[in-house]
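> Could you work out the structure for the sequence below:
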Amino acid sequence: MTTKTLKLAMDKAAELPRQAQEEIAREVLERVNTIEQTRAALSVGLAQLDAGLGEPVDTHELLRRTRRQHEAES
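Numbers count the residues shown, from 1 in each chain. Below you'll find the model as predicted:
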């Protein structure tokens, strides 16, 4: 099932030059692949939690590490 918005975007993209269509298609596929990978990782994580394999998380330490990593990448 395609949403109205996705159909509109595909119709508009179909009017663009072939090269632009290819670029858009690659970007959409990359995004879809990222979403699929994220969903698969979440599914694995949820199954592990359901099996009792989770561990407590120090959210303050997690945020500190994440911020340091983000600052290093900037």
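> how about the helices in this structure?
Counting by DSSP state H, the chain has helices at residues 4-14, 18-50, 59-73.
> Let's have these in JSON lines, adding mean neighbour count and mean pLDDT.
Glycine gets a C-beta too; all of them are placed from N, C-alpha and C. Formatted as JSON lines, those follow (neighbours: other C-beta atoms under 10 Å; pLDDT from 0 to 100):
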{"stretch": "helix 4-14", "mean neighbour count": "11", "mean pLDDT": "97"}
{"stretch": "helix 18-50", "mean neighbour count": "11", "mean pLDDT": "98"}
{"stretch": "helix 59-73", "mean neighbour count": "9", "mean pLDDT": "94"}
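> and the gap between the closest residue to Ala20 other than its chain neighbours and Glu22?
Using C-beta to C-beta, 6 or more residues apart in numbering and skipping residues adjacent in sequence, the residue nearest Ala20 is Ala13, 7.5 Å away. Distance of Ala13 to Glu22, computed by C-beta to C-beta, to the nearest Å: 10 Å.
> what does Gln69 give?
Gln69 is 34 Å from Glu22, by C-beta to C-beta.
> Repeat that for Thr66.
Distance check for Thr66 against Glu22: by C-beta to C-beta, it reads 35 Å.
> next one: Ile35
Ile35 is 21 Å from Glu22, by C-beta to C-beta.
> One more: Asp50?
42 Å.
> With Gln48 instead?
39 Å.
> and what of Gly52?
With C-beta to C-beta as the criterion, Gly52 and Glu22 are 47 Å apart.
> Thank you kindly, that will do.
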